[in-house]
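> Next comes the sequence, and after it the predicted model I'd like to discuss.
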Amino acid sequence: MRDKPLIAIALLVVLVAVAIGYAVGRKTTPAPPQPVATTSTGPYMQPAGAGTAEAPPAGQQIDAMRRGIPINQEGDPPLMAHVENTDIKRNRAYPMQPPTIPHSIDNYQIDKNSNRCLLCHSRANADKFQAPPGSVTHYMDRDDQFLATISPRRYFCNQCHVVQTDAKPLVSNNFKDIDTILSEQQAAQPQQKAN
Ligand code: HEC
Ligand code: HEC
């Protein structure tokens with residue numbers, strides 16, 4: 001084979017090229033993501049995914065729902081909450097709060113033709129399933145007339161009622177229900193009460 005030296009040289013060139021490519025490539029491959037430089041406001045600039053880190057006070061954030069993740073980064077969404085299927089009612093925070101649903105509603109279809117919730121919660125069926133019937137407001141039209149069947153305004157139950165989950169509040173708040181406020185007021189004026 002007269003071409004032997006030629007092939008050898010070609011192979012050598014390819015090898016050198018690969019070696020150089022490898023060396024250069026190692027230099028230019030992006031370094032593993034570094035934490036974003038923190039500013040004087042400290043934890044305000046958290047790397048994306050620092051969902052578990054303590055977020056700065058809501059007032060210092062552009063949008064507290066971002067949990068302190070900088071506006072130019074996409075954070076990891078919080079884990080999906082688990083539905084609690086306990087049959088235990090939760091207290092209502094105010095008198096007209098739609099009660100939370102104390103059972104899971106997986107695959108309960110609500111559409112134009114069928115409403116799974118009404119299978120148990122309609123006035124006619126509630127006794128068979130020992131479910132609380134939807135209250136009288138659910139049978140009132142917008143002129144406060146009572147209808148025989150559930151009012152179209154109340155047809156899509158999960159427009160107002162949500163299942164109970166173990167989700168933590170996305171944004172902290174200092175809501176107090178009226179009973180708490182009333183008992184605080186009473187505690188603040190003990191002498192007046194004694195007289
Ligand atoms: C298989 C029957 C059944 C179906 C279907 C059903 N529920 Fe219930 N629901 C019950 C029962 C029974 C209770 C009483 C508490 C318990 O046992 O979980 C209840 C409780 C509730 C409560 C609590 C009421 C209160 O006073 O606290 C709400 C709200 C509720 N359901 C809404 C719904 C909605 C909305 C749907 C449809 C997405 C639905 N339910 C589908 C049986 C049912
Ligand atoms: C527009 C909002 C809204 C919709 C839609 C709605 N509800 Fe309600 N629901 C409420 C509110 C508010 C209450 C609590 C005050 C009251 O009873 O009106 C309530 C109360 C209830 C209760 C508790 C009744 C009681 O006596 O304690 C049940 C059960 C219930 N709803 C079931 C349903 C079902 C089933 C649907 C769908 C067919 C539905 N709701 C649709 C707002 C709604």
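Yep, it's here. Ligands and ions are numbered 1, 2, ... in the order given.
> Tell me which stretches of this structure form helices.
Assigned by DSSP state H, the chain shows helices spanning 4-28, 116-121, 126-129, 178-188, 190-194.
> mean pLDDT for those helices: which is lowest?
For the helices of the chain, the weakest mean pLDDT is recorded on helix 190-194, namely a mean of 57.
> Please list the residues of this structure that sit near ligand 1.
By the rule C-beta under 6 Å from any ligand atom, the part of the chain lying against ligand 1 is 87, 89, 99, 101-103, 105, 108, 116-117, 119-121, 129-132, 157-158, 161. The C-beta positions use only the backbone N, C-alpha and C, and glycine is treated the same way.
> Just the buried subset of these, please.
Buried subset of those (neighbour count, 16 or more other C-beta atoms under 10 Å): 101, 103, 105, 108, 117, 120-121, 157, 161.
> So which of those reach ligand 2?
Okay, of these touching ligand 2 (C-beta under 6 Å from any ligand atom), that's 117, 121, 157, 161.
> if you skip the residues just before and after it, what's nearest to Ser104?
Take Ser104 and drop its neighbours on the chain: the residue closest to it by C-beta to C-beta, 6 or more residues apart in numbering is Asn85, 4.4 Å away.
> count of neighbours near the one you found?
A count of nearby residues for Asn85, using other C-beta atoms under 10 Å, gives 14.
> Wait, it touches Asp106, no?
No: assessed by C-beta atoms under 8 Å, Asn85 is found out of contact with Asp106, at 9.2 Å.
> what two of the ones next to ligand 2 among the buried ones among the residues of the chain next to ligand 1 have the greatest distance between them?
His121 and His161 (9.8 Å; C-beta to C-beta).
> Distance check, the closest residue to Glu84 other than its chain neighbours against ligand 2.
Leaving aside its sequence neighbours, Glu84 sits nearest to Gln164 (C-beta to C-beta, 6+ apart; 4.5 Å). Using C-beta to the nearest ligand atom, to the nearest Å, Gln164 is found at 14 Å from ligand 2.
> residues contacting Gln164?
By C-beta atoms under 8 Å, 6 or more residues apart in numbering, Gln164 lies in contact with 83-84, 86, 90, 100-102.
> Okay, now the unreliable bits of this structure?
1-3, 13-14, 16-21, 23-55, 58-59, 190-195 (pLDDT under 70).
> hmm, try it at 80
Scanning the chain with the threshold set as pLDDT under 80 gives 1-62, 64, 170-171, 190-195.
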